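Asks: sequence below, structure please.
(chains A, B, C and D)
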Number of protein chains: 2
Amino acid sequence: MWADNEQRAPRGDESGGGLRRRATIHDVARLAGVSRQTVSRAVNDKGEIDPATKERVLEAARMLDYRPSRFARGLVRKGTVTAGLVIPDLMNPFFPEVAAGVLEAAEQRGWQVVVWDIRTDDGREREALDVLSHQADAVVGYFKNDDDVLARHLGGMPLVLLERGPQQTRFAAVGIDAAAGLEQGIAHLVRTGHRRIGMLDGDRLDAPGPRREAFLAEARRHRLPVDGSWVVKCPEHSVAGGEAGMERLLAARPEVTAVFGFNDLIAIGAIRTARRHGRQVPGDLAVMGFDGLSLGELVEPALTTLHLDKRRLGRLAVEQVARLRAGEEPLTGADAWVIPELVVRTSA
Amino acid sequence: MWADNEQRAPRGDESGGGLRRRATIHDVARLAGVSRQTVSRAVNDKGEIDPATKERVLEAARMLDYRPSRFARGLVRKGTVTAGLVIPDLMNPFFPEVAAGVLEAAEQRGWQVVVWDIRTDDGREREALDVLSHQADAVVGYFKNDDDVLARHLGGMPLVLLERGPQQTRFAAVGIDAAAGLEQGIAHLVRTGHRRIGMLDGDRLDAPGPRREAFLAEARRHRLPVDGSWVVKCPEHSVAGGEAGMERLLAARPEVTAVFGFNDLIAIGAIRTARRHGRQVPGDLAVMGFDGLSLGELVEPALTTLHLDKRRLGRLAVEQVARLRAGEEPLTGADAWVIPELVVRTSA
DNA sequence: AACGTTCCCGTGAACGTTCACGAGCCGCCC
DNA sequence: GGGCGGCTCGTGAACGTTCACGGGAACGTT
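Replies: Presented below is the predicted three-dimensional model:
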């Protein structure tokens, strides 16, 4: 006499709305007149079941809109791994590409990935970690917060930091060899006759990031007439940010003859304001980016840049997670670094 | 005498590798000399616990590298919702933006989102659904497969289709009002004197998609001298695809004077080959895109396009999922449609 | 001295599934 | 007619956590 089981149909009237209790395996078993185990056999189509009863069970399941609880199932069947991926800003074309790498590698291992878009609000990093620490088995991503803060919020979960050099953190990391990149980049600029080179840095913090440090180091090495006053910070890692930054650089150092962008977006912004100020690119001003977005081939002039294998970055990160989980030593040094490759187009 | 508990440290030697059994709440309880419940109180920091014992428990948890099982926890605490998001191609800047909308709306509801990148391999749609049907509570995404195939692979899960008009599917959907968009677009082209208008379609199938149909309808309405032979298919939704398609369109219909792209990427490709063929844009050939990627402002000439609120698309999809889950009627008609808005820049 | 409060802590039960085992039934062969 | 093997199906137990209780100790109040 429990025939009033809930049907799957929306039943719009059913005033009060709200979800009914989800049907469990017991409900299906009762409706089909069999035991739990038989239901389990039917829905997971194992053998040991009569085709007729199987069909009857499946029908019952359909009527009750039964779906097995992934929690109960996960509790007894081990092996489902969920990784968290934390990304600063999905609107920046750089990140979808590393995300693609992460997704690809994760899928190969049979893992699933839950994604968080921080939207460049550092505070949200902590929220992300708080929920992820409950729902994921490991986390990879970009983080601005300090190691301590992160540790506090991830409650023991393995963490792989993106683009923090393995030296800059006590977590596993995969980084970018900014020094190697800048070496190629600055060398190319110097080779083509530039000495008054500025930089549009992207770091929000006061502490200089690896790219700025490498830039300054190369400047010293080549004895360029360049110091900290030649780098201006672009808090926004976007074309608009680059435009604004270039505006300030031009004001501070009008004699600048080449400029290095923290990333391709910023570099493109630099090109735009340079042109707006009547400077030809690359004639009056050479511009070099960093990242190697495919976007760079599309703009005018095509962007010379330090190209990065972003997909590989993502794949490496997943590999690090795997090592952590296996209790192995994470990769360090060259194995955990992606080195940029100079791609000369026309902007420099 | 169970003092040989596994430590968190990597212990590289431990030959044989592999994960030890994860520590459970019982292990922590025993090590700390308390009951499960007390451990639970400590790690979830509820009250009703002496600060001293709490610290002791936490220390024990740290030693054993204890992390609560999300399955066991989810089993008893209801309310964690996981949605699957299936995306054709993360490399196309269009999709990260709708993904951002989905993520944003999902997060507001406290849901998490696991993402699948299909990488434009329709076969992988099914794999994605197979996995997701076990691990998610609902799915939203782009799918090429037919309703039947989808239904078979998602085992009763609610599904929200992106960019299939609510009329074209029996699932809930959120779509794009291609007709309204094309009306504005073609009107603009006609207004500026064009009549020999071609289209670079993106649909892989032979059946014409909504955009092509709307294009053809508008062509008829304006009595343009244009038929099916003026639309060429670009199987690849990318700049390269657009370049190739434009090559063919130029060969088939050299008299073309304006071209409508399935997509901004394709439109940009069209611009590039047009120029390569010595045609000025928009002088000799007007080009119009569809999507309104921010990329379009960066290329030369800046792309005139039918701009879409992609974020809103994503948010709407999540809202549909919510309705489905609540047993309400999903949105239909204008409420579930995003209408494009003509953004005139310089390419047309 | 009895009683109420507050603070801390532990004990069954429940969540929904799968696993390991065993039982009944049927047909067949010796 | 007894035994044996192959199907089909059901029964406890276990997975790891939280919830709803209840209990004891310490302290104060009347």
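Asks: pLDDT wise, what is whichever residue of the stretch 151-300 of chain A sits closest to DNA strand C at?
Replies: With C-beta to the nearest atom of the strand, the shortest gap between the stretch 151-300 of chain A and DNA strand C falls at A:Gly155, namely 20.2 Å. The way it works is simple: take the backbone N, C-alpha and C, and place the C-beta from them, glycine included. Here the pLDDT value assigned to A:Gly155 is 83.
Asks: tell me which element the nearest residue to it once chain neighbours are set aside falls in.
Replies: Leaving out its chain neighbours, the residue that sits closest to A:Gly155 by C-beta to C-beta, 6 or more residues apart in numbering or on different chains is A:Ser133, at 4.4 Å. Taking DSSP states H and E as the definition, A:Ser133 sits inside helix A:122-135.
Asks: let me know the next secondary structure element after that helix.
Replies: For helix A:122-135, the following helix or strand on the C-terminal side (DSSP H and E) is strand A:138-141.
Asks: which strands or helices does the very next helix or strand once past that following strand pack on?
Replies: As assigned by DSSP H and E, the chain's next helix or strand after strand A:138-141 is helix A:147-154. Secondary-structure packing of helix A:147-154 (3 or more C-beta pairs under 8 Å, 6 or more residues apart in numbering or on different chains; DSSP states H and E): helix A:122-135.
Asks: whether the helix it packs on contacts DNA strand D - can you check?
Replies: No. Helix A:122-135 lies apart from DNA strand D when judged by C-beta under 7 Å from any atom of the strand; the minimum separation is 8.7 Å.
Asks: buried stuff in that helix?
Replies: Neighbour-count burial for helix A:122-135, with 16 or more other C-beta atoms under 10 Å in any protein chain shown as criterion, is recorded at A:124-125, A:128-129, A:131-135.
Asks: hmm, back to that, was I right to think the residue of the stretch 151-300 of chain A closest to DNA strand C contacts A:Gln135?
Replies: No. Using C-beta atoms under 8 Å as the test, A:Gly155 is too far from A:Gln135 to be in contact (11.5 Å).
Asks: could you report the neighbour count for A:His26?
Replies: Residue neighbour count, defined by other C-beta atoms under 10 Å in any protein chain shown, stands at 11 for A:His26.
Asks: just A:Ala179 next, same as before
Replies: Residues near A:Ala179, counting by other C-beta under 10 Å, number 17.
Asks: just A:Lys46 next, same as before
Replies: Each residue near A:Lys46 was counted by other C-beta under 10 Å, and the total is 11.
Asks: same check on A:Gly185?
Replies: 27.
Asks: please apply the same query to A:Arg220.
Replies: Neighbours of A:Arg220 (other C-beta under 10 Å): 11.
Asks: next, it: secondary structure please.
Replies: helix (DSSP: H, G, I helix; E, B strand; the rest coil).
Asks: do you know how far A:Gln112 is from A:Leu103?
Replies: Note on A:Gln112: its distance to A:Leu103, by C-beta to C-beta, to the nearest Å, is 9 Å.
Asks: what about the two, which has more around it?
Replies: The residue with more neighbours, out of A:Gln112 and A:Leu103, is A:Leu103; 28 against 23, by other C-beta under 10 Å.
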